[in-house]
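Participant: have a look at this fold, sequence not included:
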């Protein structure tokens, strides 16, 4: 008699983005012909760049000829050419990595979901609050939480570290003992970026306690301020305590193409596991549960990391960051309180008039035809906030800001 | 203080294919210039077909233009066009599926590894012995086994169902209570194909006990005999008890391209979970841990399922199945005992002279320069057997058979 993984029954409500999709579809069914301006999911909208397209086409063409065709890679952790390109990429930040420390994957979401599985079920998990829902949900499913408490909006047993105006949306280490710490910088959803000083506090904390930092750097390309770290490994000691996860999704427009990577340093040590063991665990995990990122897609990734590709991708980043500026300045001109959007493609705004996140979501959807993301969907400290994404066509972004302005005038 | 998932320490030895790779690399380092004939991993070697290439190129081209560019899909379970193509594919076997029952993925390996995660840790797992190592390893990592017993070659707590000459390499249900049953037909590694009568026994067993059959049909395209089932859903009652996993890897040459699918019927019921619940669980799992198969690759998959694509893929299947015939007949002419290779791309041969699987592997590698796969790598009942894969260039396959013949003459 088979039984289900009952941890799924603990999950409080649907996954955020399908719920947004459901409300949007319902609105569209009831209001056919209304154009919605979608600043919700953080979905890229601009075409892939020429060098990347050429790389992908070459990747396809290679498979059209028996002389150049390839099937399974030697292992599931990525093609050597792709790993070498990432190794070079890290050298720009003075970060030196072995090829065996780089794991190419089909994206930062799978990696940030799966990484917990190489750690014991008894580890205490700490997350920024608000945070990308995958960190919490995957740990709940794995059994590292108790029940969901609807009153607090928190799962028992998970340590939530509030990110608020007061702490600049970046937390200090908590009083409690924590083992696996998820940090995201530039942050989704708040748009805050950790300074080197802030990260150093965490690295010192983690090394002293043999905790592991899971550092989500998926938005690092959006950092303009040269004093801010684009990789946690820019800081001494990080290789002993941190795994870094990153992605081509936003910087190269690969949200649907699927390519990311994780760095698991050989120097990483945890209780009872010598240096190299965690790296081995992730290799074993990827070779058992995964069969490599698509060879076509890796050809595109190599192209994106070429000099030409990087220049073009910077153009995409600049395009979206101009959108971020338009949103931020537009909302500030309307006297909304906004954070982020300077070194990150997300604007984190305070909802007006004490509206809840979902109330403001429904209001903007119905009245301004703008789709954003309710802050509370990222954790209880997100209540009263709203995330607007800079990913969109510039004209739509401008229209969205204008539509919010018109909505305000009508009130 | 972080700790590791100690279940990884139970794993007995390396994953099979990396170990083969290690021995091959060592041989090549010691014998530079020797050409090895690789019939080991089951890696496709022939170019993708024109319709599929056109589909992939169109998939890339769509991303080159802002008007046709797409990013994230609405959810992670596959594009509607791809699901509709699979729905039509199943209609050929008189199997009718809802789109919501079809989950597009990056391959049968990830699906067959991850599917266990939606079931409780207390489920008893039964596998064919020998079997594809992923079924066992992923359940060991999840914690559904005790220690590895080097004496028996088995993990405690996992039920091994011997597949031998006596039972035609397909097992009867065991005496023990089992909850999750992995069946693979056409079988990797034995090449045996379950008949409708054999599957019916399992479906009756599973329905009577609310067990779940995880049916790996990744090689179904290689079935020539029209009386053999290509999908478990050709049998009445299968939707109430079976999940089917399949792949584009071998039939379309997508081993490196990465595309597969799972079918989780709405009618599937397990203890304490009404119809629809298991389907919901897999959707939630995929939406949380996965972000969809690459949109480029899905465009190739749709092309592979088109009329032109299916005809061309049949050409690939015919090519590899001619290789299978060459291997089977070649080895039989040398008085080796062989199974499979008729409705499956694998030949399962008995090692001669009572050699162990790895002894025969090393002998063939060093003396005939042929790389196969030791049967024992698939489970203890694989000891004394050897798997040869029909995936390879026809000339290499013929050379491999000739090389084995010459090796025999030298003995």
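Facilitator: Yes, it's here. As the structure is a prediction and not an experimental result, all values here were calculated from the model.
Participant: distance check, residue A:262 against residue B:314.
Facilitator: Per C-beta to C-beta, to the nearest Å, residue A:262 is found 39 Å from residue B:314. All C-beta spots, glycine's among them, are computed from the backbone N, C-alpha and C.
Participant: between those two, which has more neighbouring residues?
Facilitator: residue A:262 (25 against 13; other C-beta atoms under 10 Å in any protein chain shown).
Participant: could you give me the average pLDDT of the strand or helix carrying that one?
Facilitator: Assigning secondary structure by DSSP states H and E places residue A:262 in strand A:260-263. Strand A:260-263 comes out with an average pLDDT of 98.
Participant: for that strand, packing partners?
Facilitator: Strand A:260-263 sits against strand A:102-105, helix A:108-114, strand A:242-247, with contacts defined as 3 or more C-beta pairs under 8 Å, 6 or more residues apart in numbering or on different chains; DSSP states H and E.
Participant: now these as a markdown table including mean neighbour count?
Facilitator: Shown next, in a markdown table, are the helices and strands packed on strand A:260-263 (neighbours: other C-beta atoms under 10 Å in any protein chain shown):
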| stretch | mean neighbour count |
| --- | --- |
| strand A:102-105 | 24 |
| helix A:108-114 | 26 |
| strand A:242-247 | 27 |
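Participant: out of these, the one nearest chain B is which?
Facilitator: Nearest to chain B, of all those, is helix A:108-114, at 4.0 Å by C-beta to the nearest C-beta.
Participant: following that closest one, which helix or strand comes up?
Facilitator: strand A:125-129.
Participant: what average pLDDT does the next helix or strand after that next one get?
Facilitator: Next helix or strand after strand A:125-129 toward the C-terminus (DSSP H and E): helix A:133-142. Per-residue pLDDT values over helix A:133-142 give a mean of 97.
Participant: mind listing the strands the following helix or strand past helix A:133-142 pairs with, and their directions?
Facilitator: As assigned by DSSP H and E, the chain's next helix or strand after helix A:133-142 is strand A:148-149. With DSSP bridges as the test, strand A:148-149 is paired with strand A:154-155 (antiparallel).
Participant: residues in the stretch 101-250 of chain A within reach of chain B, list them.
Facilitator: For the stretch 101-250 of chain A, the residues in contact with chain B (C-beta under 8 Å from any C-beta of the partner chain) are A:106-107, A:109-110, A:113-114, A:117-123, A:134, A:137-138, A:141, A:177, A:179-180, A:209-212.
Participant: buried ones among those?
Facilitator: A:106-107, A:109-110, A:113-114, A:117-121, A:123, A:134, A:137-138, A:141, A:179-180, A:209-212 (16 or more other C-beta atoms under 10 Å in any protein chain shown).
Participant: can you read off the pLDDT for residue A:14?
Facilitator: For residue A:14, pLDDT reads 59.
Participant: before we move on, what about residue A:185?
Facilitator: 98.
Participant: tell me who's in contact with it.
Facilitator: Shown in contact with residue A:185 (C-beta atoms under 8 Å, 6 or more residues apart in numbering or on different chains): A:170, A:192, A:193, A:194, A:199, A:215, A:216, A:217, A:219, A:220, A:229.
Participant: distance of it from chain B?
Facilitator: Shown here: residue A:185 relative to chain B, a distance of 20 Å by C-beta to the nearest C-beta, to the nearest Å.
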